[in-house]
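>>> sequence and computational prediction follow.
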Amino acid sequence: MMIDCTAKELELLKIIGDCAQRLNLPCYLVGGFVRDKLLQRNCKDLDFVCVGDGILLAQEVARQFKPQPQVSIFKTFGTANIKHGEFEIEFVGARKESYAAHSRKPEVEPGTLEDDQKRRDFTINALAISLNKNDFGQLLDPFNGVEDLKLKIIRTPLEPGTTFSDDPLRMMRAIRFASQLDFTILPETWLGIIENAHRIHIISKERIADELNKIVLSKKPSVGFDLLYKSGLLKLFFPQMVALAGAEYIDGKGHKDNFYHTLKVLDNISENTDDLWLRWAAILHDIAKPATKRFEEGHGWTFHGHEVVGGRMVPKIFAQLKLPANEKMKFVRKMVELHLRPISLTKENITDSAIRRLLFDAGEDFDALMTLCNADITSKNQQKVQRYLQNFEMVRQRCKEVEDNDHIRNWQPPITGELIMQTFNVPPSKIVGDLKTAIKDAILDGDIENSYEAAYQFMLQKAKEVNLVPVG
Ligand code: ATP
């Protein structure tokens, strides 16, 4: 065997090899699994190509397992999947492909293993391992993929222009692999991407988002984003991020390049979290800087309100990129809106009330917010960085003290809107909201005690001021 397999994997390969032999179908392990094994990366997705009917082979393989797994068949694609323990196994018949200009769906006809290897996107993804009796375990590498793995290069097996024009998703995949594996895209291949970037419009937003999220989750996501930017792809599906790039100068005063600042924040946060959505918060935290940028005489560049405007941009950008419109989106919006708050608390004379408000607004996401704020420190001046970090440590400490006393983080104000409506027999209306806010503010400001009784008395008193009397 020319790749290092576990005993379990080897047993699986032998079973599949035997089935293929019985059906007289030459069979090969191909693609990502072979690549990842050679890179000593973990992989549980196994793809098999056989010269003949892949669905037939999948059914024969499924019969060998107990309990017998379901075979999911995709007739139009000629593929079949089995889930076996921790493994996702896919079978397909070897094929030859040709493309029409308007679509990334190729014309497909049966082919040889070589035809099948040629249709694969990169040399490192075109490696095959034979499962046939005469050369079991032999590596078949027609495009020197192993060499490219060693050199850490992304290269298309065929002419790059055609490869990317045929299926523009491959441009996203090239950049994703470069980012995930820390590989370099070969100059010729890179040129193919630049020349075909405009073709990305035939790819569905969902497929783009899948690749984009893999870039976001890579160890150093700036690698992928920088390539997306330089290739011209990013502006085609995420122009708001490209708008962050560059710096304007007036009277010799410039501001920082917010695109590269954002990438630095993203890399910083990626050292501390694998949470996709917190990483998205880093990507979007300054997204409204171009929209809020002003030059103030004698003062320089300002971006007042960029956190609020940025928060409002989050749902729009999520919809545009086909990211989910759910709790995750709300979390990202909240992070963007709050990202300046801890910084504002590093000044002197910060009241307990301000600290309580931050704890209340951040709630269970307080730690995530502090992680984002730490990542937002990108100064090259180490002394400054140390000073900022110390300031944050102080804010954290203050928050801990106030939290230990007041338990604000997971706190809900003791008087609900429901209770207000019942007490005064009023319908849902502005006054209900005003009373609720007044009670919450009084507690957060420390004017009244954080208890039901104190809040109830306060409510009666406030209501009286607007001539509301309790019923009964
Ligand atoms: P990962 O598991 O990280 O997504 P992968 O390479 O295994 O990486 P899959 O999408 O599972 O990705 O694809 C399996 C194999 O199919 C690839 O290794 C490649 O050989 C081939 N392949 C996938 N997508 C394409 C494509 N758009 N064009 C050409 N070949 C592709």
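That came in fine, so what should we check first?
>>> is it true that Val61 touches Ile16?
Yes. If you go by CB atoms under 8 Å, Val61 and Ile16 touch, sitting 5.5 Å apart. Bear in mind the C-beta positions are built from the backbone N, C-alpha and C, glycine included.
>>> was I right to think Leu278 contacts Leu372?
Yes. Using CB under 8 Å, Leu278 is in contact with Leu372, at 6.7 Å.
>>> of the two, who's got more company?
Leu372 (25 against 22; other CB atoms under 10 Å).
>>> buried sites along the host helix or strand of that one?
Taking DSSP states H and E as the criterion, Leu372 maps to helix 366-375. By neighbour count on 16 or more other CB atoms under 10 Å, the buried set for helix 366-375 is 366, 368-375.
>>> would you state the helices of the stretch 1-150 of the chain in chain order?
7-22, 32-38, 54-62, 113-118, 145-151 (DSSP state H, counting those that start in this stretch).
>>> and for the longest one, what's in contact with it?
What it means is helix 7-22. Helix 7-22 is contacted from outside by 1, 5, 26-27, 29, 46, 48, 50, 57, 60-61, 64, 84-85, 87, 89, 129, 131-133, 136, using CB atoms under 8 Å, 6 or more residues apart in numbering.
>>> which residue ranges form the helices in the stretch 201-350 of the chain?
Going by DSSP H, counting those that start in this stretch, the stretch 201-350 of the chain shows helices at 205-216, 222-231, 234-237, 239-242, 258-270, 276-284, 289-292, 306-320, 327-338, 341-344.
>>> of those helices, which shows the lowest average pLDDT?
Comparing mean pLDDT across those, the weakest is helix 341-344, with a mean of 91.
>>> buried sites along that one?
By neighbour count on 16+ other CB under 10 Å, the buried set for helix 341-344 is 341-342.
>>> for it, packing partners?
Applying 3 or more CB pairs under 8 Å, 6 or more residues apart in numbering; DSSP states H and E, we find helix 341-344 packed against helix 352-362, helix 366-375.
>>> the ligand is nearest to which of those?
Closest to the ligand of the helices and strands packed on helix 341-344 is helix 366-375 (CB to the nearest ligand atom; 25.7 Å).
>>> relative to helix 327-338, how tilted is that closest one?
Following axes from the mean of the first three to the mean of the last three CA atoms, to 10 degrees, one obtains 50 degrees for the angle between helix 366-375 and helix 327-338.
>>> so what does helix 366-375 touch, helix or strand wise?
Contacts defined by 3+ CB pairs under 8 Å, 6+ apart place helix 366-375 against helix 258-270, helix 276-284, helix 327-338, helix 341-344, helix 352-362, helix 382-406.
>>> coming back round to it: need the overlap of contacts for Val61 and Ile16.
Common neighbours of Val61 and Ile16, counting by CB under 8 Å, 6+ apart, are Ile89.
>>> still on that earlier bit, what is in contact with Leu278 and Leu372 at once?
269, 335.
>>> now for the residue in the chain positioned nearest to the ligand, how many residues are close by?
Per CB to the nearest ligand atom, Gly32 is where the chain lies closest to the ligand, at 2.1 Å. Neighbours of Gly32 under the rule other CB under 10 Å: 16.
>>> please name the residues that touch it.
The contact partners of Gly32, by CB under 8 Å, 6+ apart, come to 43, 45, 47, 125.
>>> where in this structure is pLDDT low?
Scanning the chain for pLDDT under 70 picks out the ranges 1.
>>> tell me the contacts of the residue sitting nearest the centre point of it?
Geometric centre of the chain, nearest residue: Asn213, 3.5 Å, by CA atoms, centre = their mean. Counting by CB under 8 Å, 6+ apart, Asn213 touches Leu276.
>>> quick one: it and Leu321, what's the gap?
Asn213 sits 9 Å away from Leu321, going by CB to CB, to the nearest Å.
>>> now the helices of the stretch 1-150 of the chain in CSV, with distance to Ser270?
What follows is the helices of the stretch 1-150 of the chain, written out as CSV (distance: least, CB to CB, whole Å):
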stretch, distance to Ser270
helix 7-22, 30
helix 32-38, 21
helix 54-62, 38
helix 113-118, 34
helix 145-151, 24
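>>> now for these, which one comes closest to Asp167?
helix 113-118 (13.2 Å; CB to CB).
>>> does the closest one reach the ligand?
No. Helix 113-118 lies apart from the ligand when judged by CB under 6 Å from any ligand atom; the minimum separation is 8.3 Å.
>>> which strands or helices does that helix pack on?
By 3+ CB pairs under 8 Å, 6+ apart, helix 113-118 packs against strand 27-30, strand 95-98.
>>> if you compare these, which one is most tucked away?
Mean neighbours per residue, mean count of other CB atoms under 10 Å, is largest over those for strand 27-30, with a mean of 26.
>>> tell me what that one is packed against?
By 3+ CB pairs under 8 Å, 6+ apart, strand 27-30 packs against helix 7-22, strand 45-50, helix 113-118, strand 128-130.
>>> any chance of TSV for those, columns mean neighbour count?
Below are the helices and strands packed on strand 27-30 laid out as TSV (neighbours: other CB atoms under 10 Å):
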stretch	mean neighbour count
helix 7-22	16
strand 45-50	22
helix 113-118	19
strand 128-130	23
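>>> between those, which gets nearest to Asn410?
Asn410 sits nearest to strand 45-50 of all the helices and strands packed on strand 27-30, at 39.6 Å, using CB to CB.
>>> name the helices or strands packed onto the closest one?
By 3+ CB pairs under 8 Å, 6+ apart, strand 45-50 packs against helix 7-22, strand 27-30, helix 32-38, helix 54-62, strand 87-93.
>>> try it again at 10 Å.
helix 7-22, strand 27-30, helix 32-38, helix 54-62, strand 79-84, strand 87-93, helix 113-118, strand 128-130 (3 or more CB pairs under 10 Å, 6 or more residues apart in numbering; DSSP states H and E).
>>> now do that strand: distance to the chain's middle.
27 Å (CA atoms, centre = their mean, to the nearest Å).
>>> so it versus helix 7-22, what angle?
Interaxial angle of strand 45-50 relative to helix 7-22 (the same axes, to 10 degrees): 20 degrees.
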